[in-house]
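Colleague: Here's my sequence, what's the structure:
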Amino acid sequence: EAQGDEKKLKYPMSVFFIVGNEFCERFSYYGMKAILSLYLHHKLHFDEHSSTAIYHAFSMMCYFTPIFGALLADMFLGKFKTIVYISIIYVLGHLMKTLAAVPTLGIPPVEFSLIGLALIAAGTGGIKPCVSAFGGDQFKLPEQSRQLQTFFSVFYFSINAGSLLSTFLTPIIREDVECFGDDTCYSLAFGIPAILMLVATIIIVLGKPLYVMKPPQGNIIPSVFGSIFYALKGKYSGKSANHWMDIAKQKYDAGLVEDVKSLLRVLLLYLPLPVWWALFDQTGSRWTFQATRMNGVVGSSTIKPDQMQVANPFLILLLIPLFDKVIYPVFAKFGLLVKPLQRMTVGGLLTAASFFVSGFLELELQKTYAKIPAMAESHVFVVNTLPCNISIQLDRNGHTHDFFVPALESFVKDQIDPEEYNVKATVDSTCMPNELTTFTSNTKITLKSQNVSSILISMREGSLYSKPLSKPEEPHRNENSDAGRLRIVQNMARSSYSHVFLQGESKSYNVSLMEEETVHQFDYMKVDVGTYEVMLDETKIGDVHVGQGGVYNLLVGESHSASEASSGSMEARRYILTQANSVHILWLLPQYIVITVGEVMFSITGLEFSYSQAPDSMKSVVQAAWLLTVAFGNLIVIVVAELRALSQANEFFMFAILMIIDMGLFAWLAYRYVPREKMEDKEIEMKGENGHHNATFNNDD
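Modeller: As a prediction, the model looks like this:
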């Protein structure tokens, strides 16, 4: 008969508005969050530690505010009004975040961005517990239980679809679109998620005539906290009972107190959960920063650093059915991974393993990092335009630094005190014997703290020529970009040419030469990855390759590498200040695969286990507690990031070791845990025994 009723009841059309709302909201949230850490670092100029702390403070707020959204919906406004009102706050937060990224408006970008993030956190957190539950309200149970299952499948598919699309698309918009005179367009990358959130709000409002509206029915969370505080107060005031929560039965319903006792047994297992979330949520911060220092070139396209986050939702869609249909059944034949708490422990250890992988990867990346002068330290970048090795001596009151620069190459001398130095350049007399008559050159250079100064070694009128250049070098990689950085250095004794063109397959760059200067440094410019023809006016004088993350000087001037017969011809030669990213970004995939397997085994299993073990009246409390563990996990990352006590590799190793210790605690708690079914069987047996031993149970009935 129930099946007949189910056929008669039409599928509620209202849920399509709810699914559409969820898709747009998740696109909005994950699209903004995907590029957030890079925006904080590269546009608001926070360092990586502060950017990480702000990113995780935002995440913490997103998972702390759902409690207030649930209370507001269940006790005052109802789910629909709560979704609509808080969505308006959500849209306002996106608007402020987008306006803050528009440089021409002149508004304070840091202040507007942080206020916008706070409003977004209140918005996404506030509606989080309401939307799925509001969708469930549209079905009549038990007649439409099968249709309800279908709805939740479609609902969670829309979450992953929104996450996948936005995490893939917004980094492309950020990087490949230029706006407001900038070579990136964060304002558009934030603006599209803002529009999607506005669309989400409009969609949910349009469906209002179709919705089943259930009035607020109260929320059990205040009663749960009230009973716990009452019992604790009674315990510390001297009252006694078989279980300390039984004290609350003097004021609260006995059934509620028993449910709270069952709830607390589940929540005890939650104590180790924040550490797992501390590791998992770094995929959007520390792992994204790690990706910025890697080579993303794949064929003719480039993977953006923040696009690597798409690996997680993509792998989730693949791994969930794989584990359910293949992996768990196979292991079950050997008696392994049968119990949920066993799966969670293994999942936690795999998560620790992913951070060991990221730590070892970081050690390899450290070998490729740009040389950046520290406080009270200077570097010297020497460019040798001659086809012979040059010996360089930096002298300050008898304290010398001696090194040589290979022919037609450059060299960075580091760890030099920021002082004034005499510079002596020497070349062997066998070098260019028909052109050079003077083989030594002397000059002075003043080095500044945390600066890279450059010296050009060339030839002028038959003499060795060394010239300190005026503009400091910029060895920092363009880490949020899939491009390199290049500075053109004009080194010509004549001014008969007017322009230098870099001509690529899809893009070109143009620099106007200085007429009155023989040596001039132009500003660094962002240049897309690729090989370019170098044109001096209409004449091709060479080719230059730009690698992702590389920093180069392109010297345009008379050729000293050609034979004497071609003396006076012009050439373009690339000199490397910072090597291009050499470790490929796809080496991040192993750690993403391992942590996603850990997520399937730990997070998904944990949530299902919690719901199965919690009393029916406590399901909402379990959800709230689960979200709070995410918030506290992000708090751990904030503390570690702000301490700044470890190198990045050692920080990864520290988190991995912490996770192993944490899983040891979890395994101990799991070993002591008695499942709900066994507890209920035990209580039934006790109630069947002599009343003298079960007075408490008799009094409770």
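
Colleague: Could you point out the helix or strand that follows the helix or strand residue 488 falls within?
Modeller: Following DSSP states H and E, one finds residue 488 within strand 483-491. As assigned by DSSP H and E, the chain's next helix or strand after strand 483-491 is strand 499-503.

Colleague: which parts of that next one are buried?
Modeller: Buried residues in strand 499-503, counted by 16 or more other Cβ atoms under 10 Å: 500-502. (Each C-beta comes from the backbone N, C-alpha and C, glycine too.)

Colleague: now do stretch 270-279
Modeller: 270, 272-279.

Colleague: cool, and stretch 171-187?
Modeller: Going by 16+ other Cβ under 10 Å, stretch 171-187 has these buried residues: 171-175, 179, 182-187.

Colleague: Check stretch 405-423 too.
Modeller: Neighbour-count burial for stretch 405-423 [16+ other Cβ under 10 Å]: 405, 408, 410-413, 416, 418, 421, 423.

Colleague: related to what we said a few turns ago, distance between the strand holding residue 488 and the chain's centre?
Modeller: 30 Å (Cα atoms, centre = their mean, to the nearest Å).

Colleague: helices or strands next to that strand in the packing?
Modeller: Counting contacts by 3 or more Cβ pairs under 8 Å, 6 or more residues apart in numbering; DSSP states H and E, strand 483-491 packs against strand 452-460, strand 499-503, strand 519-521, strand 525-528, strand 539-546, strand 551-558.

Colleague: Out of these, which is closest to residue 470?
Modeller: strand 519-521 (6.8 Å; Cβ to Cβ).

Colleague: I'd like the average pLDDT over the strand holding residue 488.
Modeller: Strand 483-491 comes out with an average pLDDT of 92.

Colleague: Just the C-alphas of that strand, formatted as CSV.
Modeller: In CSV, the C-alpha atoms belonging to strand 483-491 read as follows (Å, rounded to 0.1, in the frame of the first residue of the first chain):
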residue,chain,number,x,y,z
ALA,A,483,54.3,32.8,-16.6
GLY,A,484,57.9,34.0,-16.2
ARG,A,485,59.4,37.4,-15.6
LEU,A,486,61.8,39.1,-18.0
ARG,A,487,63.7,42.4,-18.0
ILE,A,488,65.2,43.8,-21.2
VAL,A,489,68.7,45.4,-20.7
GLN,A,490,69.7,47.8,-23.5
ASN,A,491,73.5,47.6,-24.1
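
Colleague: That strand to strand 499-503, inter-axis angle?
Modeller: Angle, strand 483-491 to strand 499-503, by axes from the mean of the first three to the mean of the last three Cα atoms, to 10 degrees: 150 degrees.

Colleague: Now for the residue positioned nearest the centre of the chain: which residues touch it?
Modeller: The chain has residue 284 as the residue nearest its centroid, 2.0 Å off, counting by Cα atoms, centre = their mean. By Cβ atoms under 8 Å, 6 or more residues apart in numbering, the contact list for residue 284 reads 33-34, 36-37, 55, 59, 309.

Colleague: for the residues you listed, which one is nearest residue 602?
Modeller: Nearest to residue 602 among the contacts of residue 284, with distances taken as Cβ to Cβ, is residue 59, at 17.9 Å.

Colleague: Around the closest residue to that closest one other than its chain neighbours, count how many other residues there are.
Modeller: Sequence neighbours aside, residue 634 is the residue nearest to residue 59 in space, at 4.5 Å (criterion: Cβ to Cβ, 6 or more residues apart in numbering). Neighbour count of residue 634, defined by other Cβ atoms under 10 Å: 25.
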